[in-house]
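Peer 1: would you be able to build a 3D model of this:
(one chain, ligands or ions: 2)
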Amino acid sequence: MQGKIIVFSAPSGAGKTTIVHRLMERVPELSFSISACTRDRRGRTEANGKDYHFISVQDFQDKIRHDEFVEWEEVYEGAFYGTLKSEIERIWDSGKHAILDVDVKGGLSIKEFYKDRALAIFVRPPSIEVLEQRLQARATDSQSSISSRVYKANFELAFEDRFDVTVVNDDLDEATDHAERLVRQFISAEPAIV
Ligand SMILES: Nc1nc2c(ncn2[C@@H]2O[C@H](COP(=O)(O)OP(=O)(O)O)[C@@H](O)[C@H]2O)c(=O)[nH]1
Ligand SMILES: Nc1ncnc2c1ncn2[C@@H]1O[C@H](COP(=O)(O)OP(=O)(O)O)[C@@H](O)[C@H]1O
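Peer 2: Ligands and ions are numbered 1, 2, ... in the order given. Below is the predicted model of the structure:
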């Protein structure tokens, strides 16, 4: 089997992590690509090696130097995130397709790198106001972090039309059903020529 990549990108708070987690439960052919990142682990809700490989800035820079990333970004000031080539290989070697949750620039880089082997899905919130409410309700970020995420979202929404397809995340069940249909269609299509 030739492995594929499905990448979900969206402004922070749009709901991509929630949708990706739900898809993982519904589509057993998928395996989550665990990114490397340098931000602090959210103690109670995140596990090292499950949500992210939490590493130091020094380790991250070493990996950049050794060309270990498909792409990487300083997503927030001082917080680096990157997709490891070794993760994608590990997933394909296990006979699965990789599913990724990355920021908007990263999603476009991955599409450019893997071309037709990748499906790039943009998750759009119903509005900026709803996005902010979701970040407030999630209660994982400081007020200033929420403000910078909302500010950044205004720019990120402009990149939607560069993605293969959009899923609007208003009603979560409908958005998950839509995403599932897209993913199943993509992974059952003829292998991509790369
Ligand atoms: N470019 C890139 N972005 C990533 C990667 N992994 C995660 N991200 C993005 O980094 C952003 C910050 O993630 P996180 O700290 O978990 O916060 P959240 O968006 O509020 O859930 C999110 O938009 C993620 O999609 C990666 O490997 N590369
Ligand atoms: N359709 C939805 N309706 C209401 N709340 C949602 C919906 N989708 C996600 N959420 C909630 O919004 C918050 C942000 O979602 P999350 O998946 O963490 O976003 P992202 O990964 O894009 O930053 C979470 O608390 C999540 O439970």
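Peer 1: ligand 2 contacts on this structure?
Peer 2: Within reach of ligand 2 by Cβ under 6 Å from any ligand atom, the chain has these residues: 10, 12-18, 134, 137-138, 169, 172, 175. To be clear about C-beta, it is placed using only N, CA and C from the backbone, and glycine gets the same treatment.
Peer 1: now, these that are in helices?
Peer 2: The helices, defined by DSSP state H, take in 16, 17, 18, 134, 137, 138, 172, 175 from the residues of the chain next to ligand 2.
Peer 1: quote the end-to-end distance of stretch 23-42.
Peer 2: In stretch 23-42, first residue to last residue: 23 Å (Cα to Cα, to the nearest Å).
Peer 1: for stretch 49-58, which positions count as buried?
Peer 2: 51, 52, 53, 54, 55 (16 or more other Cβ atoms under 10 Å).
Peer 1: ramachandran angles for the first one?
Peer 2: Its backbone dihedrals place residue 51 at phi -80, psi -50, with angles given as degrees, to the nearest 10.
Peer 1: residue 150: what's it in contact with?
Peer 2: 13, 128, 131, 132, 135 (Cβ atoms under 8 Å, 6 or more residues apart in numbering).
Peer 1: nearest to ligand 2, of those?
Peer 2: Distance ranking of these against ligand 2, using Cβ to the nearest ligand atom, places residue 13 first at 4.8 Å.
Peer 1: hmm, that closest one is touching residue 135, no?
Peer 2: Yes - with contact defined as Cβ atoms under 8 Å, residue 13 reaches residue 135; the gap is 4.1 Å.
Peer 1: overlap in contacts, the two.
Peer 2: Contacts common to residue 13 and residue 135, judged by Cβ under 8 Å, 6+ apart, are 149, 150.
Peer 1: more neighbours: which of the two?
Peer 2: residue 13 (25 against 22; other Cβ atoms under 10 Å).
Peer 1: from the residues of the chain next to ligand 2, which is closest to residue 122?
Peer 2: residue 10 (6.4 Å; Cβ to Cβ).
Peer 1: next, count neighbours for that closest one.
Peer 2: Using other Cβ under 10 Å: residue 10 sits among 29 other residues.
Peer 1: residue contacts, residue 53?
Peer 2: 34, 35, 36, 37, 84.
Peer 1: so which bits of this protein are right by ligand 1?
Peer 2: So far as Cβ under 6 Å from any ligand atom goes, the chain lies against ligand 1 at 12, 17, 35, 39, 71, 73, 75, 81-83, 101-103, 106.
Peer 1: could I get those as TSV with secondary structure?
Peer 2: As requested, the residues of the chain next to ligand 1 are exported to TSV (DSSP: H, G, I helix; E, B strand; the rest coil):
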residue	secondary structure
12	coil
17	helix
35	strand
39	coil
71	strand
73	strand
75	strand
81	strand
82	strand
83	strand
101	strand
102	strand
103	coil
106	helix
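Peer 1: fine, thanks again, bye for now.
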